[in-house]
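Engineer: need a 3D model of the following:
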Amino acid sequence: MHLLVLFCLVGSAACGNPLAPLFEQNPVEYEGRRLLRIEGHLPAWLSGDLVRVGPGLLGYGDRTVNNVCDGLAKVHQWSIRNGTVRYTGKMLRSSAYNETLRTGRFRAAMTIGEMTPGPTVKEKFTIMTAGVDYNDNDNIAIWDIDGNEPIVTSEAPIFSRVHPDTLAYTGRVGCEMYGCSFLSWYDKPLFSASHFAKHPSRGTSFNYIFSLSLFPGIKSKYTYLEQIPDKASPQGFTVRKVAEVPVDKGNYRLLHQFGTTERYIVAPRFNWVMNIKSPFRLCDDLEYLHEQPFYVDVIEIATGIVRTFTFARAEKGVHTMNTYERLTPEGDVEVVLDVPVLSNGSDPHIGDQCLFDILLIPYLTGEADHMYKMLQRTITLRRFVMNLGTGQVRIEDFPGLPRDTVLDFPYINPNFLGREYCYGYLQNWDLKTAHMSLIKYDVCRRTYHMWYDAIRSAAEPIYAPRPGATEEDDGVILAPVFNTATNSTELVVWDARDMSVVAVYASPNVPITVHGLWFERD
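Structural biologist: Numbering: from 1, shown residues only. Sure thing, here's the model as predicted:
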């Protein structure tokens, strides 16, 4: 999840918590507000929308939540046309949002952090019996299934649609249309990936549904699905079942993101396990298995055949940078997975805190001591290689990266997803200074460029390729940044080749956002 918010080491008197505005709720809405250029000039070819999502409301009435992921969703869009930038920000009109406004109280649902006051007995009964469609507060990621309309996702097998121009809420795709129709009567759908994966040539999307088996003797499973754009379909796409991956009890691992190659789905099952103990708070269910191996499922898209590769040591990762396949000199197919992971995933203290406790607002604002000891570990970029011919696996660490940093939120040129590539763009949080910079890492030469600005800290870097470009890094990076000197949000555009700043625009203040996507527009 989003580490952008941790620039300021909690408890540092010199810092003075300059990023506090990022964690204040901001439901104020804008539509088409023209932004003032501060410096530089946009490339003439750049035309499209940067769409991001994050919390807009962290409390309503007498009830509050204390984790970024539990806030009611707000969608943001920076639209670029003919050298002009306009900003639109809208609260997502989900049933969770509408009921909150109707009742005058933040609607109770399963949360990651604490809800105060907690759910009433009646609300607990609703949460337990309402099914997966109930919690439609999609506030984690943005995706594009049909080539036009942004969808807003969370870790549940449902998603929301918003209008590509106004961000107005246009409806929800529930579990049945998502793919739950492929499940059996005894399968209880629980979670999916916030991030869909795009096929490198067909333009289709992939996700999974994890379902808990309610029938003794039948295993719970991941059901992998392909979403195929279809203008004739009422929801704009049809769904094909690709494969099922059954798993043993006690090994229900949370997959936040996975990748595809031309022929395979590549799904890393990191060592965070769902124990399914509480329907009210996700962190009560999560456990880190530091003594267990790390698994990668390689699923043939055409046949649904699943091969599971085992890596002996535990791995703590969340986001996938890229996956691709290649031939060895001996003619074997190798599948490659590149992902930021903790340098030592077998550390027994990793599970002392929940995976998502890093986004607890009291930690981020300095109201409580931050779990800094948990973060005194370097996150590195690691390559996992699986040989489909021999069945052998190996691990490669990329050298030369900064030490004592949290490296995450990887992004690459979307035209190279699922293919051999060289360049990855990542956030880099320095544990000593608590500042967030950006890194362009060259996995071919194993070198990097860094963008650093002492008063600016950047969100996840989103890549926009130049139309018709043949070079992998012929494009720009876009992200909102927080300027601590002016206490304000800016939209910054970088040259993807050398990470130099191309243009900066003043933006209305935007609270913390989690993930985003670039939509190319004419």
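
Engineer: from now on I want contacts and neighbour counts done on CA atoms only, so please keep to that.
Structural biologist: Fine.

Engineer: secondary structure class of the residue lying farthest from the centre of the chain, three-state.
Structural biologist: Largest separation from the mean C-alpha position in the chain: residue 330, at 36.8 Å (C-alpha atoms, centre = their mean). When classified by DSSP: H, G, I helix; E, B strand; the rest coil, residue 330 comes out as coil.

Engineer: and if you look at residue 177?
Structural biologist: helix.

Engineer: buried ones in stretch 382-389, by neighbour count?
Structural biologist: For stretch 382-389, a neighbour-count test (16 or more other C-alpha atoms under 10 Å) marks 382, 383, 384, 385, 386, 387, 388 as buried.

Engineer: neighbouring contacts of it?
Structural biologist: With contacts defined as C-alpha atoms under 8 Å, 6 or more residues apart in numbering, stretch 382-389 is touched by 309, 332-341, 392-398.

Engineer: list the contacts for residue 437?
Structural biologist: Counted by C-alpha under 8 Å, 6+ apart, residue 437 has contacts 427, 428, 429, 430, 450, 451, 452, 453, 457, 458.

Engineer: now it: which helix or strand?
Structural biologist: Element membership for residue 437, per DSSP states H and E: strand 436-442.

Engineer: starting from the helix-or-strand element of the chain with minimal mean pLDDT, tell me the next helix or strand along the chain.
Structural biologist: In the chain, no helix or strand scores lower on mean pLDDT, DSSP states H and E than helix 372-375, which sits at a mean of 45. The C-terminal neighbour of helix 372-375 among helices and strands, as given by DSSP H and E, is strand 379-387.

Engineer: and that following strand, average pLDDT?
Structural biologist: The average pLDDT for strand 379-387 rounds to 94.

Engineer: then it to PDB, C-alphas only?
Structural biologist: Written as PDB, here are the backbone C-alpha positions of strand 379-387 (Å, rounded to 0.1, in the frame of the first residue of the first chain):
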ATOM      1  CA  ILE A 379      13.300  -3.000   0.400                       C
ATOM      2  CA  THR A 380      15.100  -4.100  -2.700                       C
ATOM      3  CA  LEU A 381      14.200  -5.000  -6.300                       C
ATOM      4  CA  ARG A 382      14.300  -8.800  -6.700                       C
ATOM      5  CA  ARG A 383      14.000 -11.100  -9.800                       C
ATOM      6  CA  PHE A 384      12.500 -14.500  -9.500                       C
ATOM      7  CA  VAL A 385      13.200 -16.800 -12.500                       C
ATOM      8  CA  MET A 386      11.300 -20.100 -13.100                       C
ATOM      9  CA  ASN A 387      12.400 -22.500 -15.800                       C
END
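
Engineer: quick one: distance of that strand to the chain centre.
Structural biologist: Relative to its parent chain, strand 379-387 has a centroid offset of 19 Å by C-alpha atoms, centre = their mean, to the nearest Å.

Engineer: what angle do it and strand 436-442 make?
Structural biologist: Comparing the axes of strand 379-387 and strand 436-442 via axes from the mean of the first three to the mean of the last three C-alpha atoms, to 10 degrees yields an angle of 30 degrees.

Engineer: burial of residue 461, as a residue count?
Structural biologist: Counted with other C-alpha atoms under 10 Å, the neighbours of residue 461 add up to 28.

Engineer: follow-up on the earlier one: check the residue farthest from the centre of the chain and give its pLDDT.
Structural biologist: Value for residue 330, per-residue pLDDT: 95.

Engineer: and the contacts of stretch 153-160?
Structural biologist: With C-alpha under 8 Å, 6+ apart as the test, stretch 153-160 has contacts from 94, 132-133, 136-143, 151-152, 169-175, 178-179, 189-195, 208-209, 256.

Engineer: so what pairs up with the closest residue in space to residue 323 that isn't next to it in sequence in the strands?
Structural biologist: Excluding its sequence neighbours, the residue lying closest to residue 323 (C-alpha to C-alpha, 6 or more residues apart in numbering) is residue 337, at 4.6 Å. Counting by DSSP bridges, residue 337 forms beta bridges with residue 323, residue 384.

Engineer: from residue 32, how far off is residue 337?
Structural biologist: Between residue 337 and residue 32 the distance is 40 Å, computed by C-alpha to C-alpha, to the nearest Å.

Engineer: the more surrounded of the two?
Structural biologist: Shown here are residue 337 and residue 32; by other C-alpha under 10 Å, residue 337 has more neighbours (25 against 15).

Engineer: isn't the more buried one up against residue 324?
Structural biologist: Yes. Using C-alpha atoms under 8 Å, residue 337 is in contact with residue 324, at 7.0 Å.

Engineer: tell me which stretches of the stretch 401-522 of the chain form strands.
Structural biologist: Along the stretch 401-522 of the chain, counting by DSSP state E, counting those that start in this stretch, strands occupy 405-411, 423-430, 436-442, 447-451, 456-458, 462-465, 475-483, 488-495, 501-507, 515-520.

Engineer: can you list these in CSV and add distance to residue 286?
Structural biologist: Converted to CSV, these look like this (distance: least, C-alpha to C-alpha, whole Å):
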stretch, distance to residue 286
strand 405-411, 21
strand 423-430, 25
strand 436-442, 28
strand 447-451, 34
strand 456-458, 29
strand 462-465, 29
strand 475-483, 31
strand 488-495, 34
strand 501-507, 37
strand 515-520, 22
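
Engineer: just put those in CSV and tack on mean pLDDT and distance to residue 216.
Structural biologist: Formatted as CSV, the strands of the stretch 401-522 of the chain follow (pLDDT from 0 to 100; distance: least, C-alpha to C-alpha, whole Å):
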stretch, mean pLDDT, distance to residue 216
strand 405-411, 89, 39
strand 423-430, 90, 44
strand 436-442, 94, 48
strand 447-451, 94, 52
strand 456-458, 92, 49
strand 462-465, 98, 45
strand 475-483, 96, 49
strand 488-495, 97, 53
strand 501-507, 98, 55
strand 515-520, 97, 39
